[in-house]
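K.L.:
Predicted model and sequence below, questions to follow.
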Amino acid sequence: MATLSPVALGFLGSLAAGLMTAVGATPVLLGKTPSRKWRDISLGFAAGVMLAASFFSLIIPALDVAESRYGDGAIPALIVCAAILMGMGVVALMNELIPHEHFSSGREGPEAVSLRRVWLFIIAIAIHNAPEGLAVGVAFGADGFTGGFPVALGIGLQNAPEGLAVAVALLGERYSAGRAFGIAALTGLVEPVTGFLGAAVIVVAQPLLPWGLAFAAGAMLYVISHEIIPETHRSGHQKQATTGLAIGLVVMLFLDVWLG
């Protein structure tokens, strides 16, 4: 692994993380679907992992890089703040411009009556997963295997409950177990695409490194706030979901310090 280029590592790392979506969806093939409470706890865990990764693996390194180039003062903080808001804004714009659908909240974005409902759902999950792949790719592009592996591991861990949630939602729409599993697995494959792009941009344009790190963090923070946390609170399991978030946050923090 150490002999691979950062771009190759970014692609392979985000691919491995994306494939964990399929691992998480495996229980539906076995005829087992966890209760809604346990799904909310696991999604809370995913939110905690993403939250910790955003700050400890992306925002803090972005500040360190910016300070090494521009010195102490307001400029590094302004760069990181601007990039975070840009990342959040781009994902928000994607939500507005790209037709997609959540089974819980219905259709969002422009009308797309020509697309089947399942494809609108796949697009929704792709929008959700794209920032995660980007975060993995940028981390590998910034600091090779050492910087990228903890992020890839953390994103992979949180992809598993997301894959299960997707598969269970599809079962609720009367899809067969095999098809629900296949579609859930497919939604994770956007991550190696954005992972490759993120690593390539950072390697080619090193001055963009603090911008890329903070942009990826902002994109993930938007997904946490707009998608994951509201979903975990929708069925009255706020306390359990918050416990899951706390566990996910400290697990990712531990992995980042231990492996980084």
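P.N.:
Structure's in. What do you need? Numbering: from 1, shown residues only.

K.L.:
From now on I want contacts and neighbour counts done on CA atoms only, so please keep to that.
P.N.:
Noted.

K.L.:
so what pLDDT did the most centrally placed residue in the chain get?
P.N.:
The geometric centre of the chain, computed from its C-alpha atoms, lies nearest to E132 (Cα atoms, centre = their mean), at 2.8 Å. On the pLDDT scale, E132 is placed at 88.

K.L.:
Can you tell me how far it is from P27?
P.N.:
23 Å (Cα to Cα, to the nearest Å).

K.L.:
quick one on the thing from earlier: just to check, the residue nearest to the centre of the chain is in contact with I155?
P.N.:
Yes. With contact defined as Cα atoms under 8 Å, E132 reaches I155; the gap is 6.7 Å.

K.L.:
And G73, how close does it get to Q206?
P.N.:
Distance of G73 to Q206, computed by Cα to Cα: 21 Å.

K.L.:
Comparing these two, which shows the higher neighbour count?
P.N.:
Each of G73 and Q206 has its neighbours counted (other Cα atoms under 10 Å); Q206 has more, 13 against 9.

K.L.:
low-confidence ranges in the stretch 151-260 of the chain?
P.N.:
260 (pLDDT under 70).

K.L.:
Which residue ranges of it form helices?
P.N.:
Here the stretch 151-260 of the chain has its helices, by DSSP state H, counting those that start in this stretch, at 177-187, 190-204, 209-223, 229-233, 238-259.

K.L.:
Can I get these in JSON lines including distance to I122?
P.N.:
As requested, the helices of the stretch 151-260 of the chain are arranged in JSON lines below (distance: least, Cα to Cα, whole Å):
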{"stretch": "helix 177-187", "distance to I122": "6"}
{"stretch": "helix 190-204", "distance to I122": "10"}
{"stretch": "helix 209-223", "distance to I122": "15"}
{"stretch": "helix 229-233", "distance to I122": "17"}
{"stretch": "helix 238-259", "distance to I122": "24"}
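
K.L.:
could the ones you listed be laid out in TSV, adding mean neighbour count?
P.N.:
Putting these into TSV (neighbours: other Cα atoms under 10 Å) gives the following:
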stretch	mean neighbour count
helix 177-187	21
helix 190-204	24
helix 209-223	28
helix 229-233	19
helix 238-259	19
